[in-house]
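Whatever this is, show me its structure:
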Amino acid sequence: MKKINLSVLVIFLFIFLSAAAFRLTNLNLIEFKGDEAINLYLAARPLFGYPFPPGGTVSSIGLLNPPLLNYLLFPFVLISLDPKIVSFFIGLINSFSIGLFFLIVKRYYSLTTALTASFLFAFSPWSIIFSRKIWTQNLIMPLMVLVLFSLGKIVVKQQRKYWIPYLTATFFIIQLHQSTGFFLVLLNFFLFLQLKKNKSVFHLKYILAGTILGILPAFPFLIYLVKNLFTNPEAILVAKERFAPVFHSQIFLRPLQIINQGNFYFVLGQDTLTFKNLYPFAYNLRVLFYLEYLFIPWGMVVFWQKHPQWRFLIGAVLTLPFVYFLLHFEPFIHYFLVISLFLFLFLASSLSWLINSSRLFLKSAGGIIFTILIITSLIYNTAFFKLLQNQQGFKGDYGPVYSASAAEVKKRLLPYKDDPHYQEMFLASFLPIQYWYGYLPVPQMLYCYEETKTHLDELETRLKEVPVDARIQLELLAFWTQSPPTPETLSLLKEKAITIPGYQLIYQAASQF
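Coordinates of the predicted model:
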């Protein structure tokens, strides 16, 4: 086994610590809203005496996700149900992955490219946002590092057994978020074109093994899918229009924006103006990030020239925005997480070309630009978390921070802190009521209408005793909203809300069906 050079190990640790600086700190400020709460709640179901659910959350394209994230999070929830602790592990995995990214890039490209790509990755504001919360997309990047590692072994070393980790990681990524499937299909297409003249690198046994291992966690979901596809399609599909007949030209900007803090208004919302007023220096420095918009295309040219074996990456990355555009995808920036590490690789290729130049002017320019980008990211990230600490949340997609939300929930549940169901009640209190109408996929997956009907008296008795028991309220809401409530049903719920105060929330939600 080849030993790792001590200096390389020191650099690896330094990159890991750099990535961890913003990923493993300020954990009281993490996002913990609807998606994060549902993910943690589903993963923790076995701890509350339920079986693993056959699926996960509903994705942004309106389809029920496979249960892979439930399984990946389960070891963490065995340690703690505290969202801060679970987020710590997610941040730890992402930080470690950036260190591995450095080692992989160093091996197949160059030390300069590896250093620049890894540090830019470590301090990128969007990369930090998408690597420290309990969200399916936050585990995409570590798996993409495994994909990059496996591709190196297959394409460069021609070691056929690495089809196993490559395909396993590929299918895992698709299960985390279906939108990634478009890129991975493109990647495999361009990879096949690259390798078709060297058919010996393909090996059916390893390809089948990787495919089976990759699909294995989805078996419960596939069984559930088959059972419901024709008899109850609402159990797996939300009737949302994610492919509206509108072409979103912003799609072509997102690959450039995701490498730093482009389109951060989505996160900050109305607090963008607050950020500008309180931290004008950090805010105005953002213009320096536009340098990257120039260096990425140039980096692709450099990459194409210097690494012919890897040209298939450029084809897949360039094609993806056109596919999203033609399919009328909404321009969500997280749809480009799957290509982010390649974008950093291209960006680093242009910067390393300058830094390695024999001309002092170009070498100095490359070093200065790289330093400016890193310092600018550090200043921006520091200001971002300071403002987040002061504001306790943002009026954008970020919303309130966990510590603020948790304090409110704990206050409400204080009289029941010794209740044996307290932990489940606590997590259920974060679940958005609008996600729990009975016709929606997640409630249909968790509850059986007939079983709830059988235990209706017990549930209502519990709600009389503990009117803030969100887990009971959610199950009852799902029960009464299997279909649009009739006037008779609403009248009945109104009567129940008079005698059982915990029913008031159910009645209000059903009235807004």
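
use CA for all of it now, contacts and neighbours both
Fine.

Just the buried residues of stretch 429-441, please?
Using 16 or more other C-alpha atoms under 10 Å as the burial criterion, the residues of stretch 429-441 that qualify are 429-431, 433, 435-441.

Just the ones of the residues you listed in helices?
Those of the buried residues of stretch 429-441 mapping onto helices are residue 441, per DSSP state H.

And the buried residues of stretch 429-441, which is closest to residue 87?
residue 430 (15.9 Å; C-alpha to C-alpha).

Tell me which residues touch that closest one, please.
With contact set as C-alpha atoms under 8 Å, 6 or more residues apart in numbering, residue 430 has these partners: 33-34, 37.

quick one: which of these has the most company?
residue 37 (21 neighbours; other C-alpha atoms under 10 Å).

these two touch, right, that one and residue 427?
Yes: using C-alpha atoms under 8 Å, residue 37 is in contact with residue 427, at 6.8 Å.

Domain-wise, how is the chain divided?
Following automatic domain parsing, one gets these domains for the chain: 6-394, 401-511.

Okay, now the last one: how far is its last residue from its first?
Going back to what we said before, that points to domain 401-511. Terminal residues of domain 401-511 lie 30 Å apart, using C-alpha to C-alpha, to the nearest Å.

That domain: how far from the chain's middle?
Offset of domain 401-511 from its chain centre (C-alpha atoms, centre = their mean, to the nearest Å): 28 Å.

Now do it, average pLDDT.
The average pLDDT for domain 401-511 rounds to 95.

Also stretch 111-122?
pLDDT averaged over stretch 111-122 gives 97.

Output the below-cut-off pLDDT ranges for the chain.
Along the chain, segments meeting pLDDT under 70 span 1-4, 61-62, 230-231, 233-244.

Apply 80 and report the result again.
Within the chain, the segments meeting pLDDT under 80 span 1-4, 59-63, 229-245.

Tell me which of the domains of the chain sits most buried.
domain 6-394 (a mean of 19; mean count of other C-alpha atoms under 10 Å).

so how far is that one from its chain's centroid?
8 Å.

Could you pull out the strands in the stretch 251-400 of the chain for me?
393-394, 399-400 (DSSP state E, counting those that start in this stretch).

Tabulate these in TSV, adding columns for distance to residue 135.
Below are these laid out as TSV (distance: least, C-alpha to C-alpha, whole Å):
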stretch	distance to residue 135
strand 393-394	18
strand 399-400	15
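
so which of the ones you listed gets nearest residue 211?
strand 399-400 (38.7 Å).

Quick one: distance of that closest one to the chain centre.
With C-alpha atoms, centre = their mean, you get 17 Å for strand 399-400.

From the rest of the structure, what touches it?
For strand 399-400, contacts defined as C-alpha under 8 Å, 6+ apart pick out 31-33, 392-394.

repeat that with 7 Å
392-394 (C-alpha atoms under 7 Å, 6 or more residues apart in numbering).

Which one of those is nearest to residue 339?
residue 394 (27.2 Å).

which stretches of the stretch 51-200 of the chain form helices?
68-79, 83-108, 111-123, 125-129, 140-151, 163-176, 180-195 (DSSP state H, counting those that start in this stretch).

Send over the third one as PDB, restricted to the C-alpha atoms.
Think helix 111-123. Coordinates of each C-alpha in helix 111-123 appear next as PDB, following Å, rounded to 0.1, in the frame of the first residue of the first chain:
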ATOM      1  CA  LEU A 111      -0.900  19.800  -6.500                       C
ATOM      2  CA  THR A 112      -1.600  23.400  -7.500                       C
ATOM      3  CA  THR A 113      -5.000  22.500  -8.900                       C
ATOM      4  CA  ALA A 114      -5.800  20.400  -5.900                       C
ATOM      5  CA  LEU A 115      -4.900  23.200  -3.500                       C
ATOM      6  CA  THR A 116      -6.800  26.000  -5.300                       C
ATOM      7  CA  ALA A 117      -9.900  23.800  -5.900                       C
ATOM      8  CA  SER A 118     -10.100  22.500  -2.400                       C
ATOM      9  CA  PHE A 119      -9.700  25.900  -0.600                       C
ATOM     10  CA  LEU A 120     -12.200  27.500  -2.900                       C
ATOM     11  CA  PHE A 121     -14.600  24.600  -2.200                       C
ATOM     12  CA  ALA A 122     -13.900  24.800   1.500                       C
ATOM     13  CA  PHE A 123     -14.800  28.500   1.800                       C
END
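
and that helix, what other elements does it pack with?
In terms of contacts (3 or more C-alpha pairs under 7 Å, 6 or more residues apart in numbering; DSSP states H and E), helix 111-123 is packed against helix 6-23, helix 83-108, helix 340-355, helix 360-391.

Give me the angle between the last one and helix 340-355.
Inter-element angle recorded for helix 360-391 and helix 340-355: 140 degrees (by axes from the mean of the first three to the mean of the last three C-alpha atoms, to 10 degrees).

what residue lies at the spatial centre of this protein?
Most central in the chain under C-alpha atoms, centre = their mean is residue 137, positioned 1.7 Å from the mean C-alpha point.

any idea how far it is from residue 73?
Going from residue 137 to residue 73 by C-alpha to C-alpha gives 13 Å.

do residue 387 as well
Taking C-alpha to C-alpha, one finds residue 387 at 30 Å from residue 73.

The closest residue to residue 59 other than its chain neighbours: what's it in contact with?
Closest residue in space to residue 59, ignoring its immediate chain neighbours: residue 65 at 6.2 Å, by C-alpha to C-alpha, 6 or more residues apart in numbering. Residues in contact with residue 65 (C-alpha under 7 Å, 6+ apart) are 55-59, 175.

what's in contact with stretch 120-139?
18-19, 22-23, 30-31, 35-36, 39-40, 69, 87-88, 90-91, 94, 98, 176-177, 258-261, 344, 374, 377-378, 381.

What's the end-to-end length of that stretch?
Using C-alpha to C-alpha, first and last residues of stretch 120-139 are 19 Å apart.

start at 169 instead
Noted, 169 is the first residue going forward, which turns the last one into stretch 288-307.

give the contact list for residue 226.
Counted by C-alpha under 7 Å, 6+ apart, residue 226 has contacts 232-233.

That one bridge partners, please.
Bridge pairing for residue 226 (DSSP bridges) gives the partners residue 232.

quick one: it from residue 364, how far?
37 Å.

Ok, residue 488 next?
Taken as C-alpha to C-alpha, the span from residue 488 to residue 364 is 22 Å.

swap in residue 513?
Note on residue 513: its distance to residue 364, by C-alpha to C-alpha, is 25 Å.

Which one of the helices of the stretch 219-368 of the chain lies nearest to residue 375?
Nearest of the helices of the stretch 219-368 of the chain (C-alpha to C-alpha): helix 331-344, 5.6 Å.

could you measure the residue nearest to the centre of the chain against residue 383, distance?
Residue 305 is 18 Å from residue 383, by C-alpha to C-alpha.

Sweet, I'm off.
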